[in-house]
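Undergrad: Make a model of this:
(chains A, B, C and D, ligands or ions: 4)
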Protein chains: 2
Amino acid sequence: MLSQRRKDMASQTEENYLKALYSLSVGKIEVNISELSAALNVSNPTVNSMVKNLKTKGLVKYEKYKPLSLTEKGRKAAALIVRKHRLTEMFLVEKMGFGWEEVHEIAEQLEHVSSSKLFDRMDELMDFPLVDPHGSPIPDRNGNISESAYEPLSKFSVGRKVKLAALGHSSTEFLKFLNSRELSLGTEIEIKSIEPYDGSMVLSYQNRASETFTQAVCESLLVERVG
Amino acid sequence: MLSQRRKDMASQTEENYLKALYSLSVGKIEVNISELSAALNVSNPTVNSMVKNLKTKGLVKYEKYKPLSLTEKGRKAAALIVRKHRLTEMFLVEKMGFGWEEVHEIAEQLEHVSSSKLFDRMDELMDFPLVDPHGSPIPDRNGNISESAYEPLSKFSVGRKVKLAALGHSSTEFLKFLNSRELSLGTEIEIKSIEPYDGSMVLSYQNRASETFTQAVCESLLVERVG
DNA sequence: AAAATTTGTTAGAAGACTCTAACATATTAG
DNA sequence: CTAATATGTTAGAGTCTTCTAACAAATTTT
Ligand SMILES: [Mn+2]
Ligand SMILES: [Mn+2]
Ligand SMILES: [Mn+2]
Ligand SMILES: [Mn+2]
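TA: Ligands and ions are numbered 1, 2, ... in the order given. This next block holds a predicted model:
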């Protein structure tokens, strides 16, 4: 028997739209059609018609030629998908021995599994982690999320000691790059010097006395002050 | 970005057809269109067109008005889906504390995740189990499966001591029924008496001195001789 | 303010998967 | 062997998700 999704549930495609909209909404409320198409890698007309569809389902607010936003119902639905995604990533790293650079693609598929019990069980087995392997917060069972207030390393000045708490983005390439520099979450870092010309930073951490990182990289290293 | 399936891979729908065909092929080679439609809960014309599609992909052998069968390529593809399904079920039971009656629906969705690494990792973490929680054998990475030669309990006579090794089917209702009788895989059973009228059996096992089971149930209890 | 550019919409179509109604073939019963 | 029944196929359509081409509105530049 083909296991079909309940009719009142969002399809896998709809879920991906909601999740993309949710991610793009961080720090602002409204999102353009074009931003969504770029994020999802589909054409503008495709997004346009899907947005109309999500509007009839009460998941997004939208008027012709205006930017769109999630309704409260849509926001919660999206947060619950993000919850599944991040719990999965954490489970794969903590309980199954995957590297933080390997888990996103798998979680992208697992996040659509319709069994809250599976994810609540992961949560329980990990003793209710607050963040995923990349430092992003995990929404609770009600879709509530605690926005973390970490700052990019690039904002700090020479001599400052900080701890790596999260990443601004977590592409496989970036994660592999950080692996190659032995830099992981929780690592304490001291800013040894800053190149005025291009903003690159020389850092000292663990057994690495002076590693240079470009400004772009330092903007994606989210840290908290230490000491 | 919408994570799209590679073009050369079977869709989730196609995978479900292959798996159903595979299950229906146990003990015979050829399967009717109608058997497949019944198993998948879709109409005959739907199966008819999907079968044509699977034929062009070299996954099934089929001629108009004739029964169909899997090609070697189709057989292997199906076995690998079954592998994912059964490894998932075993992982959910062994490593995540689910009951054997809870795992099928979840595995039905997880079996379509395209990451051999995820399933090979489950396999490794469980130390390469040979069977799933219902006693069905798990195909290896090459799609090879060792057909088990257990016999239905109904075939045996009074006084025989056997061990429950697998189930003929594993519907949630049946599994809950077995739970209610405290009957699980590995349990040693002795046949105390058989009712000639309807073939029902009185069994003794563990701390249950005389439990009666209908013939239908005993046909679905696959056992091996003991002592 | 007009022109150029960017952004968004509509129209029309296609592929994947599904259905029902109607028709064709094969099998089974008399 | 014919008639009845069961099984399989074709035709035509609908939903979902996607596309391209053409057009419209909004924004930015000059
Ligand atoms: Mn991720
Ligand atoms: Mn996804
Ligand atoms: Mn199963
Ligand atoms: Mn399935």
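
Undergrad: Please enumerate the strands of chain A.
TA: A:60-61, A:69-70, A:151-152, A:161-167, A:188-194, A:201-205, A:208-213, A:221-225 (DSSP state E).

Undergrad: Serialize those strands to TSV and add fields for mean pLDDT and distance to A:Ser136.
TA: Every C-beta, even on glycine, is put in place using the N, C-alpha and C of the backbone. Formatted as TSV, the strands of chain A follow (pLDDT from 0 to 100; distance: least, CB to CB, whole Å):
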stretch	mean pLDDT	distance to A:Ser136
strand A:60-61	98	23
strand A:69-70	98	18
strand A:151-152	96	15
strand A:161-167	98	6
strand A:188-194	97	19
strand A:201-205	98	21
strand A:208-213	96	21
strand A:221-225	97	10
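
Undergrad: Among those, which comes closest to A:Glu102?
TA: strand A:161-167 (15.1 Å; CB to CB).

Undergrad: Mind giving me the packing neighbours of the closest one?
TA: Using 3 or more CB pairs under 8 Å, 6 or more residues apart in numbering or on different chains; DSSP states H and E, the elements in contact with strand A:161-167 are helix A:172-180, strand A:188-194, strand A:221-225.

Undergrad: Tell me which of the ones you listed is the most buried.
TA: Of all the helices and strands packed on strand A:161-167, strand A:221-225 has the most neighbours on average by mean count of other CB atoms under 10 Å in any protein chain shown, namely a mean of 19.

Undergrad: what does that strand rub up against?
TA: Residues outside strand A:221-225 that contact it (CB atoms under 8 Å, 6 or more residues apart in numbering or on different chains): A:135, A:148, A:150-154, A:156, A:160-168, A:183, A:189, A:213.

Undergrad: Give me the buried subset of the residues you listed.
TA: A:135, A:150, A:153-154, A:156, A:162-168, A:183, A:189, A:213 (16 or more other CB atoms under 10 Å in any protein chain shown).

Undergrad: which of the residues you listed lies closest to B:Thr13?
TA: Distances from B:Thr13 to the buried ones among the contacts of strand A:221-225, taken by CB to CB, are shortest for A:Leu167, at 36.4 Å.

Undergrad: Is the closest one bridged to anything, and to what?
TA: A:Leu221 (DSSP bridges).

Undergrad: tell me the contacts of it?
TA: Neighbour list for A:Leu167: A:His134, A:Gly135, A:Ser136, A:Phe174, A:Leu175, A:Leu178, A:Ser220, A:Leu221, A:Leu222 [criterion: CB under 8 Å, 6+ apart].

Undergrad: can you do 7 Å?
TA: Contacts here follow CB atoms under 7 Å, 6 or more residues apart in numbering or on different chains; on that basis A:Leu167 touches A:His134, A:Gly135, A:Ser220, A:Leu221, A:Leu222.

Undergrad: Neighbours of A:Val93, how many?
TA: Neighbour count of A:Val93, defined by other CB atoms under 10 Å in any protein chain shown: 20.

Undergrad: Does it touch A:Pro133 like I think?
TA: Yes: in terms of CB atoms under 7 Å, A:Val93 counts as a neighbour of A:Pro133; the distance is 4.4 Å.

Undergrad: list the residues that contact both of these two?
TA: With CB under 7 Å, 6+ apart as the test, A:Val93 and A:Pro133 both reach A:Trp100, A:Val103.

Undergrad: Does chain B have contacts with the top helix by length along chain A?
TA: For chain A, the helix with the greatest residue count under DSSP state H is helix A:72-94. No: Helix A:72-94 is not in contact with chain B by CB under 7 Å from any CB of the partner chain; minimum separation 7.7 Å.

Undergrad: quick one on the thing from earlier: for B:Val226, state which of the buried ones among the contacts of strand A:221-225 is nearest.
TA: Looking across those and measuring by CB to CB, the closest to B:Val226 is A:Gly135, at 54.6 Å.
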